[in-house]
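Q: give the three-dimensional model of this entry:
(one chain, ligands or ions: 2)
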Amino acid sequence: MRIVAEWALLPEGWARDVVLTTDGGRFVAVEPGADAAGATRAPGPVLPGLANLHSHAFQRAMAGLTEIASGEDDFWSWRERMYAFLARLTPEAMQAVARQLYVEMLEAGYTGVAEFHYVHHQPDGRPYADRAETSRRLIAAAAETGIAITHLPVLYAASDFGGKAPNPGQRRFLSDAEGLLEVVEALRLAHAADPLVRIGIAPHSLRAVPPAMLDDLLRGFGAIDPEGPVHIHIAEQLREVEACRAWSGARPVEWLLGHAAVDRRWCLVHATHLAAEERRTLAASGAVAGLCPSTEANLGDGLFPLVDYLAEAGRFGIGSDSHVTIDAAEELRLLEYGQRLTRRRRAVSVAEGRPSIGTGLLLAAAAGGAQALGQPTGRLAAGARADLVILGAAHPTLAGRTGDTIADSFVFAAGRETPVREVWVAGRRVVADGRHPGREAARAGFRDAMAVLLG
Ligand code: NGQ
Ligand code: ZN
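A: Ligands and ions are numbered 1, 2, ... in the order given. Take a look at the predicted model:
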């Protein structure tokens, strides 16, 4: 395939008249000003594919169902409702919900997803005959829609610091390191030949995984895949920070950085509450901060110190987590707006030294997301997978826009109707004219699943 774009967002910034040539699902050349003979003209500006680095797919089915006040609502009361929602969740429903979710992600310009998956067992806690049953459902949903997936089976063993016994709402999640690694091995074997599937691991949180078990998991996974992705929820709520200090004397990120070799394989999800020293050490570690602005706002988590972290060259990517929003532009806008509202200034989240907030955040999130997924994507460059997003030049928000103002208009001003027109994964077009061809079937399956889930 050969595409020529009037504007394309390359790793070094916007370039004109770019010819993108792919072969076998990869870019073999990305050349500004090259001879465009025989190339297909893109209908608008081209962006690198974005990764959605944090997803709990089933939570798409409960978006909007937890907004009724009961007096003392917080993250923890939301979590109780989420646990209750799991009672009727079958493997079939998980797949139907994920299929709808992944179609929505693709139509929004996400070309890959990291699925942080912890609902392993039956509602009463007994394992399915195939212990990887629910994982397979989510990977199947990704294959049906064409999105790339990094699947992260989650280790969950305790209800709080100090190895506190799990509570009944957590019984579908529980395993030990050995059992989880067996699932990892089975999935790796099943998908070894599929370049759109990668298997990583996720210790759920320091609350849910005691230190010795964390060591076992990391050692075991290091032997299987020394470069494999490791994701963990951390420091999302102040109560967790306080409980960690009471348990260990250290804050969660401080504890993790002191006890595990946190490097570029790692994604620290949320990492909302950071002391200055933790922030600097995290930035220097090469790990990715997994920021989920719409969910963090929805759950009342707090604000990640993005401006200072970016000044320290910290890496980040974005995730839609509980899926109250499935829109990369909105996630990036929320990131910057949170910082503006607290600082009472404008244009503050300067990423990669780029004065255009839209360009800087898009490039940084694409690169950080690809790193967190452990997949060769996130940049329009020779050698990278041919994952790309084409915006519609005819969208009113993009009229007359060039270079940086394309990115800024997309992130800050696109509004209700997305300008995303085409989405390509591994050189294959999966969204055309703003639509995924499986949209109607996915919606019908989702409605049927909702009828079961809501009884
Ligand atoms: C989750 N979600 O695993 O779905 C978590 C809540 C917890 C977010 N943190 C459960 N947004 O952290 O214990
Ligand atoms: Zn999460």
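
Q: poorly predicted segments of the stretch 1-150 of the chain, please.
A: Scanning the stretch 1-150 of the chain with the threshold set as pLDDT under 70 gives no residue ranges.

Q: can you map out the helices along it?
A: With DSSP state H, counting those that start in this stretch as the criterion, the stretch 1-150 of the chain has helices at 75-85, 91-108, 133-145.

Q: hey, which of the ones you listed is tucked in deepest?
A: Among the helices of the stretch 1-150 of the chain, helix 91-108 has the highest mean neighbour count (mean count of other C-beta atoms under 10 Å), at a mean of 24. All C-beta spots, glycine's among them, are computed from the backbone N, C-alpha and C.

Q: that helix - contacts with which helices or strands?
A: strand 110-117, helix 133-145, strand 420-425, strand 428-431, helix 439-454 (3 or more C-beta pairs under 8 Å, 6 or more residues apart in numbering; DSSP states H and E).

Q: what angle sits between the last one and helix 133-145?
A: The directions of helix 439-454 and helix 133-145 differ by 160 degrees, with axes from the mean of the first three to the mean of the last three C-alpha atoms, to 10 degrees as the criterion.

Q: begin at 43 from now on, thanks
A: Sure, I'll start counting at 43 from here, so that last one is helix 481-496.

Q: helix 481-496 packs against which elements?
A: Helix 481-496 packs on helix 133-150, going by 3+ C-beta pairs under 8 Å, 6+ apart.

Q: okay, the angle between the helix it packs on and helix 481-496?
A: Going by the same axes, to 10 degrees, helix 133-150 makes 140 degrees with helix 481-496.

Q: near ligand 1, which residues of the stretch 293-442 of the chain?
A: Thr337, Leu341, Asp363, Ser364 (C-beta under 6 Å from any ligand atom).

Q: how long is stretch 187-205 from one end to the other?
A: Using C-alpha to C-alpha, to the nearest Å, the end-to-end distance of stretch 187-205 comes out at 39 Å.

Q: how far does that stretch sit from its chain's centre?
A: Here stretch 187-205 is found 13 Å from its chain centre; the criterion is C-alpha atoms, centre = their mean, to the nearest Å.

Q: same check on stretch 422-440?
A: 19 Å.

Q: could you do stretch 345-353 as well?
A: On C-alpha atoms, centre = their mean, the centre of stretch 345-353 falls 19 Å from the chain's centre.

Q: which of the residues in that stretch are buried?
A: Buried residues in stretch 345-353, defined by neighbour count with 16 or more other C-beta atoms under 10 Å: Phe346, Pro347, Leu348, Val349, Tyr351, Leu352.

Q: hey, C-alpha coordinates of that stretch in PDB?
A: Output in PDB follows, covering the C-alpha atoms of stretch 345-353 (Å, rounded to 0.1, in the frame of the first residue of the first chain):
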ATOM      1  CA  LEU A 345      -4.900  15.000  39.500                       C
ATOM      2  CA  PHE A 346      -1.600  13.600  38.300                       C
ATOM      3  CA  PRO A 347       1.200  16.200  38.400                       C
ATOM      4  CA  LEU A 348       1.500  16.200  34.600                       C
ATOM      5  CA  VAL A 349       3.200  19.500  34.000                       C
ATOM      6  CA  ASP A 350       6.200  18.800  36.300                       C
ATOM      7  CA  TYR A 351       6.400  15.200  35.200                       C
ATOM      8  CA  LEU A 352       6.600  16.200  31.500                       C
ATOM      9  CA  ALA A 353       9.300  18.800  32.400                       C
END
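
Q: now do it, average pLDDT.
A: Throughout stretch 345-353, pLDDT has a mean value of 98.

Q: same check on stretch 471-484?
A: Across stretch 471-484, pLDDT averages out at 98.

Q: which phi and psi values does Gly188 adopt?
A: phi 100, psi 0 (degrees, to the nearest 10).

Q: residue nearest the middle of the protein, spatially speaking?
A: With distances taken as C-alpha atoms, centre = their mean, Leu95 lies nearest the centre of the chain, 1.7 Å away.

Q: isn't that residue right up against Ala331?
A: No. If you go by C-beta atoms under 8 Å, Leu95 and Ala331 don't touch, sitting 9.7 Å apart.

Q: what sits in contact with each of the two?
A: Common neighbours of Leu95 and Ala331, counting by C-beta atoms under 8 Å, 6 or more residues apart in numbering, are Cys309, Gly359, Gly410.

Q: filter those residues down to the ones in helices?
A: Gly410 (DSSP state H).

Q: mind putting the shared contacts of Leu95 and Ala331 in CSV, distance to Pro253 and pLDDT included?
A: Listed next are the shared contacts of Leu95 and Ala331 as CSV, based on distance: C-beta to C-beta, whole Å; pLDDT from 0 to 100:
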residue, distance to Pro253, pLDDT
Cys309, 20, 99
Gly359, 27, 99
Gly410, 27, 98
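
Q: what is the nearest of the shared contacts of Leu95 and Ala331 to ligand 1?
A: Set against ligand 1, the nearest of the shared contacts of Leu95 and Ala331 by C-beta to the nearest ligand atom is Cys309 (13.6 Å).

Q: contacts only, for the closest residue to Gly328 other than its chain neighbours.
A: Nearest non-adjacent residue to Gly328, counting by C-beta to C-beta, 6 or more residues apart in numbering: Arg306, 4.0 Å away. Residues near Arg306 by C-beta under 8 Å, 6+ apart: Ser327, Gly328, Ala329, Val330, Gln413.

Q: please tell me the pLDDT value assigned to Arg306.
A: At Arg306, the pLDDT recorded in the model is 98.

Q: that one belongs to a helix, doesn't it?
A: No. Read with DSSP: H, G, I helix; E, B strand; the rest coil, Arg306 is coil and lies in no helix.

Q: can you tell me what sits against the lengthiest strand in the chain?
A: For the chain, the longest strand by residue count, based on DSSP state E, is strand 55-65. Under the contact criterion C-beta under 8 Å, 6+ apart, strand 55-65 has outside partners 43-50, 52, 69-78, 81, 88, 396, 401, 405, 422, 428, 430, 444-446, 448-449, 469.

Q: neighbouring strands - and their directions - for that strand?
A: Strand 55-65 has its sheet partners listed here by DSSP bridges as strand 44-52 (antiparallel), strand 68-74 (antiparallel).
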